[in-house]
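Trainee: Just the structure for this:
(chains A, B and C)
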Amino acid sequence: MAKPILEVKDLRVSFKMYAGEVQAVRGVSFSLHKGEVLAIVGESGCGKSVTAQTIMRLVPTPPSYIKEGSSILFDGKHEITKMSESQMEHVRGNEMGMIFQDPMTSLNPTMTVGAQISEGIRKHEKVKKAEAMRRAAELLTLVGMSNADERIHQYPHELSGGMRQRVMIALSLACNPKLLIADEPTTALDVTIQAQIIDLLRDIQKKTDTSIILITHDLGVVAEMAHNVVVMYAGKVVERGTLNDIFYNPRHPYTWGLLRSVPRLDSDKNNELDSIPGTPPDLYAPPVGCAFAARCPYAMQVCKEIDPEHFEVSAEHSSACWLLHPDAPKVEMPIEAGRRANG
Amino acid sequence: METISKDKFQPAQKTTNAESIVRPSLTYWQDAWRRLRSNKLAMGGLIVLILLSVLAVVAPMVSKFDYETQYLKDIDLKPSWAHFFGTDDFGRDLWTRVWWGTRISLFIGLVAAALDLVIGVLYGGISAYFGGKVDNAMQRIVEIIYSIPLLLLAIILIVFLGPGMKSIIIAYALTGWVGMARLVRGQILLVKEQEFVLAARTLGAKPARIILQHLIPNVIGLVIVQITFIVPLAIFFESFLSFIGVGIRPPMASLGNLINDGAHYMRYQPHRIIFPTIVFSLILLSFNVLGDGLRDALDPKMRK
Amino acid sequence: MLKYVLRRFIYMIITLWVIITATFFLMKLLPGNPFGEMAAKLPPENLAILKAQYGLDKPEWQQYLKYLGNVAQGDLGVSYQFPTRTVIEVIKQSFPASLELGIESLVVAIIIGLLLGIIAALKHNKWQDYSSMFIALVGISVPSFVVAPLLSLYVGNKWGILPPGLWEGPEHRILPALALSLGTIAILARMMRASMLEVSSLDYIKTAKSKGLATSKIVTGHMLRNAILPIVTILGPIAVNVITGTLVVETVFVIPGLGYQFVSSITTLDYTMITGLTVFYAAILIVVMFLTDIAYGLIDPRIRMSGRR
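Mentor: Numbers count the residues shown, from 1 in each chain, chains lettered A, B, ... in the order given. Sure thing, here's the model as predicted:
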């Protein structure tokens, strides 16, 4: 197998706050290959956005700190955690692009969209302003906007939410990055627009063979796009695997819970939608054992005392759960989890 | 990993409730006070203000001198153990006069705060709570008053009604409170629109309960912050008027007329301007840092 | 937008009318003889002629209408102390110096104030932030009537670096403009800092960063423009600050401006001059507020857009 484009190893990020240290990311590892779409899923506050933004070093320091021993190796040669701010400027926008959650606020209201797209091009490639604007118009056409030559002179508030997210995608693609990070790209959009944006992303991924990290809590979006999935809980990866592993053979009770909480049209109306009881732990003081133990219906004594390592299910599939230990009682996966997920 | 004993793999007793919130919960005021206390600058301001207020009350009472008696053989004395701040060209003790002036300044600040609380908060609150036509009519009046420059109004009132505390207070009562009224109205309108008030109303909460539980707690922080900015403004206002000769008239002392007098004599008797200026600036500075600190402490959005 | 402008305009007129009316009736409240004490010695028939000449024999409502008409035509009456000078002449003579001083101090204040605010925000919670905000706090806490005498005494008299007063060459401009600008510097610096901090936490700044732009480019290209917009809303308070400041600064530095004129007419109790100048000052302030409202209305849709969640 070729070298991965991105290799994250034991990433730990903390925020120093007045009330103490919030350990937002507590040892996350995963890797991503060329042309691969990796989804990071989890509840709000599980550290998935911080992970994504740390890959581009977009989380301001202070208050955030990348802890010693963390490693983000990009393209086999750039150690992101060790790079200077000016080296990062070369990577951002040029080799990595980012799409943010809310297109209403992520574009500058006082600049035309053309200027905002061409700005990045002119930073990384020494081209004339007119040439950069021409490229901006091309990009807008690429993301499915008509009348691109007029659109580039419009301000964000003249565009709808879906249009703005297209602009955002065009902006992130401006310099043909090797890696695209999409941080909840559809969450703030209407359902019909969500589908369009997902189609667009999938389309672009196929055309350009870009690697994508997709941050989302929407399993529907994951099923549509992702090749591999990382499930995060309380700042840690609890399960990782291929799309099929996670949807058909999930091994972590948290993943079961996630899958069972997805509504489906074909399910029995009388069948209540399951939710995971309780709330995620406070990351000011993470629990000693498994972070999910307090909410887990299968929790054992060991779960509360020792944080489980990852147990390998197959080469690509692993889960951090004591249930996979040979001594653990055999627990059947709840049937609905597998059934519901076969989307 | 092999060392883990097998009995640990028995299903565990539910000991902790997953729904419980681990962090100790603080009330809004406890939390605000904790944050204010950690702000050294604001606490410094608060302590200085308390000290100055105590001095303003106590110093003239225990002083051997009063603010108006002239001792013509003791004129223009430099600061000494007899006269801590020296004397002026009428032989009046400046230590006593400065603290009298501080009293006057703080009194005017308090009156302004009271007027803001009574007129401004009520006006803004009524306007926002009733809304519709009432609000509309009340806001038209506010917009007109708001554009009347307070200082000019005070000057002409004083010129025509005669100088003194009364004119200053009337001017403030006529126009000074509109800033507060606008602020309170804006905040209440904002809170009224928010989901939690709507939720309370849908659940059938009575108006009194909505006002007590939702509106007042959300407005009170803002009012407190505004008052810490209003008080120094009123103090400045009096001193400014006294400085241009229309405020508090001698022999009554005010920080403004002491500074004005001091400015005339400062070439040869710098002590005459230095002491009232220091006290005056300390008052303004303390109120401003305290106000900034309170604003940061009371803003629930900052709660972390 | 037109409706908004028109509404603001009507408010402006109403406010002016309220002030003019108030000054008129305050004048009527004055005890004693409208022609001063000397006139008391005049024989009654002469006094009657004088009264007729000034329209004072007519009923009050007619006098009021005449006064309104006069003010509308720019006739603010005659000085009470020096009957040979009309108020409007005095304004024409002394306003230019005040205007010049005001503009000079504004230029100084905008440059220094905005710079301090920007530096403080960019170096948030570092020593640059603390020292900028300390300067701003001093600007708020030490009023112009303290700063002006001190500057005049030390820089002017004791050290002799710059002239301690008067209004002649360019060197006479520096100290008064500086004394007058301190308060405005403080207001602007604090506002600009808050505005910059607000903008810097917005999502589109992160977008700009994700494009790989350098910090300097993000500041100049994305933050400054958006951060300066809300500053427009405090033009009114700044105008008040500058105008009240001129009263003090001109008096201290003996500048033949309108502020000096106003303060001396207050000391000599020149009633007509006081009311005339009050109406004039009020008019200026109200027009500035009107323009501020219009400017705010112009930028408001943009602000609403960016603030939507």
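
Trainee: Would you map the helices across the chain?
Mentor: As the question left the chain open, I've gone with chain A. All helices of chain A, identified by DSSP state H, fall at A:48-55, A:85-91, A:113-124, A:129-142, A:148-151, A:161-173, A:191-208, A:219-225, A:243-248, A:253-260, A:301-305, A:335-340.

Trainee: oops, I was thinking of chain C
Mentor: Using DSSP H, helices in chain C cover C:2-29, C:44-53, C:60-72, C:87-122, C:127-141, C:144-151, C:171-200, C:203-210, C:215-218, C:224-228, C:235-253, C:258-267, C:271-307.

Trainee: Which among these is found nearest to residue A:160?
Mentor: Closest approach to residue A:160 among those is made by helix C:271-307 (12.6 Å; Cβ to Cβ). To be clear about C-beta, it is placed using only N, CA and C from the backbone, and glycine gets the same treatment.

Trainee: Sort out which residues of the closest one are buried, please.
Mentor: C:271-286, C:288-293, C:296, C:305-306 (16 or more other Cβ atoms under 10 Å in any protein chain shown).

Trainee: try stretch C:207-215
Mentor: Those would be C:207-213, for stretch C:207-215 by 16+ other Cβ under 10 Å.

Trainee: rewinding a little: rebuild the helices of chain C as TSV, extending it with mean pLDDT and distance to residue B:138.
Mentor: Compiled in TSV, the helices of chain C are given as follows (pLDDT from 0 to 100; distance: least, Cβ to Cβ, whole Å):
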stretch	mean pLDDT	distance to residue B:138
helix C:2-29	82	14
helix C:44-53	72	43
helix C:60-72	82	27
helix C:87-122	90	34
helix C:127-141	87	31
helix C:144-151	85	35
helix C:171-200	88	28
helix C:203-210	86	38
helix C:215-218	84	44
helix C:224-228	84	33
helix C:235-253	85	21
helix C:258-267	87	33
helix C:271-307	74	19
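
Trainee: Turn the ones you listed into a markdown table, including distance to chain A.
Mentor: As requested, these are exported to a markdown table (distance: least, Cβ to the nearest Cβ, whole Å):
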| stretch | distance to chain A |
| --- | --- |
| helix C:2-29 | 19 |
| helix C:44-53 | 61 |
| helix C:60-72 | 41 |
| helix C:87-122 | 12 |
| helix C:127-141 | 13 |
| helix C:144-151 | 35 |
| helix C:171-200 | 9 |
| helix C:203-210 | 4 |
| helix C:215-218 | 8 |
| helix C:224-228 | 5 |
| helix C:235-253 | 19 |
| helix C:258-267 | 38 |
| helix C:271-307 | 4 |
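
Trainee: mind checking which of those is nearest residue A:187?
Mentor: That would be helix C:203-210 among these, by Cβ to Cβ, at 13.1 Å.

Trainee: What angle do helix C:171-200 and the closest one make with each other?
Mentor: 90 degrees (axes from the mean of the first three to the mean of the last three Cα atoms, to 10 degrees).

Trainee: Give me the domain ranges for the chain.
Mentor: In the absence of a named chain, this looks at chain A. A:6-226, A:233-324 (automatic domain parsing).

Trainee: that answer is for a different chain, and I need it for chain C
Mentor: According to automatic domain parsing, the domains of chain C span C:1-81+C:269-309, C:94-267.

Trainee: residue ranges with poor pLDDT in the stretch 1-150 of chain B?
Mentor: Low-confidence segments of the stretch 1-150 of chain B, defined by pLDDT under 70: B:1-4, B:6-7, B:11-26.

Trainee: What are the boundaries of the helices in it?
Mentor: B:28-37, B:40-62, B:94-115, B:122-130, B:132-147, B:150-161 (DSSP state H, counting those that start in this stretch).

Trainee: Show me which residues of the first one are buried.
Mentor: Of the residues in helix B:28-37, those buried under the neighbour-count criterion (16+ other Cβ under 10 Å) are B:31-32, B:35-36.

Trainee: One more: the last one?
Mentor: Neighbour-count burial for helix B:150-161, counted by 16+ other Cβ under 10 Å, picks out B:150-160.

Trainee: Columns distance to residue B:78 on top of those, output as TSV?
Mentor: Listed next are the buried residues of helix B:150-161 as TSV, based on distance: Cβ to Cβ, whole Å:
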residue	distance to residue B:78
B:150	39
B:151	36
B:152	40
B:153	41
B:154	36
B:155	36
B:156	40
B:157	39
B:158	34
B:159	37
B:160	41
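
Trainee: how about the residues of chain B that lie near chain C?
Mentor: B:143-144, B:147-149, B:151-153, B:155-157, B:159-161, B:232, B:236, B:239-240, B:243-246, B:256, B:259-260, B:263, B:266-267, B:273, B:277, B:280-282, B:284-285, B:288-289 (Cβ under 8 Å from any Cβ of the partner chain).

Trainee: Apply 6 Å and report the result again.
Mentor: Near chain C, the residues belonging to chain B are B:143-144, B:147, B:149, B:151-152, B:156, B:159-160, B:236, B:243-246, B:263, B:266, B:277, B:281, B:284-285, B:288 when assessed by Cβ under 6 Å from any Cβ of the partner chain.
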